[in-house]
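Q: Here you go, sequence then predicted model.
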Amino acid sequence: MGKKAIISATLFIGLSLTPLSGISNMNIVGENGQITNEAYADQLNNVQLNKKEAEGQIEAFMKTLIQPTDEDGKVLHIKSKADLLNRFKDIANQHAAEPFINELYEEENGSVYLKSTELPPSFDKQADYDVVQLSRGKAEVKQHLNSALYGELTITIQFDYNDKWKISRIVIR
């Protein structure tokens, strides 16, 4: 393959939109010991995404996305793009992770290779950003940036809560 690619350790976001995922109808035990959707709804009312949790999930997303390669760009320890996608299960839903995997990696001859690519806009945890609670169990991180390469843009990373916060959608405008 002979490709070399250097990827920055900052979170880069693709320009594709992904669908919102819904919160499941998970049941938990209420005050009377019965399993209820109401008890779960009450739990969601008290859940708030904070900056530390958001940054942790974004960092985990990035560490999972950027895999080590050999000198030819062959990804080490990953057998397929599906294998890589499975590693996101505790960080992001499939709809949020899959566009990045497809943009950065290709399968060839039973191996996964890093494509040579330009870096898209990046989330910068050192720059100002807001964490906004959208509704029960839904929140977003929104950051406005201005770069010489991309101009003014807004990065929005949405999160859903279902026992833990997971990235559900990434949008750049």
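A: Everything's here; your move.
Q: May I see the buried residues of the helix or strand harbouring S168?
A: Secondary-structure element containing S168, defined by DSSP states H and E: strand 165-172. Of the residues in strand 165-172, those with enough neighbours to count as buried (16 or more other CB atoms under 10 Å) are 165-172. For the C-beta atoms, the positions are set from N, CA and C on the backbone; glycine is no exception.
Q: Tell me the one among the residues you listed nearest to N46.
A: Distances from N46 to the buried residues of strand 165-172, taken as CB to CB, are shortest for W165 (13.5 Å).
Q: which ones are touching that closest one?
A: W165 makes contact with 49, 53-54, 57, 139, 159, according to CB atoms under 8 Å, 6 or more residues apart in numbering.
Q: That one and T154, how far apart?
A: Note on W165: its distance to T154, by CB to CB, to the nearest Å, is 21 Å.
Q: and if you look at S147?
A: Relative to T154, S147 is positioned 12 Å away (CB to CB).
Q: What of A127?
A: Look at A127 and T154: by CB to CB, they are 12 Å apart.
Q: what is in contact with those two at once?
A: Overlap between the contact sets of A127 and T154, as judged by CB under 8 Å, 6+ apart, is given by 143, 145.
Q: mind exporting the helix ranked longest in the chain as CSV, just the C-alpha atoms?
A: As assigned by DSSP state H, the longest helix anywhere in the chain is helix 51-65. Extracted as CSV, the C-alpha positions of helix 51-65 are listed here (Å, rounded to 0.1, in the frame of the first residue of the first chain):
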residue,chain,number,x,y,z
LYS,A,51,-17.6,19.1,31.1
LYS,A,52,-15.4,16.4,32.7
GLU,A,53,-17.7,13.6,31.4
ALA,A,54,-18.0,15.2,28.0
GLU,A,55,-14.3,15.6,27.6
GLY,A,56,-13.7,12.1,28.8
GLN,A,57,-16.0,10.6,26.2
ILE,A,58,-14.6,12.8,23.4
GLU,A,59,-11.1,11.8,24.4
ALA,A,60,-12.1,8.1,24.5
PHE,A,61,-13.7,8.5,21.1
MET,A,62,-10.4,9.9,19.7
LYS,A,63,-8.2,7.3,21.3
THR,A,64,-10.4,4.6,19.8
LEU,A,65,-10.6,6.2,16.4
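Q: now the helices for this protein?
A: Assigned by DSSP H, the chain shows helices spanning 37-46, 51-65, 81-86, 94-104.
Q: Pull out the buried residues from the second one.
A: If you call a residue buried by 16+ other CB under 10 Å, then helix 51-65 has these buried ones: 53-55, 57-62, 64-65.
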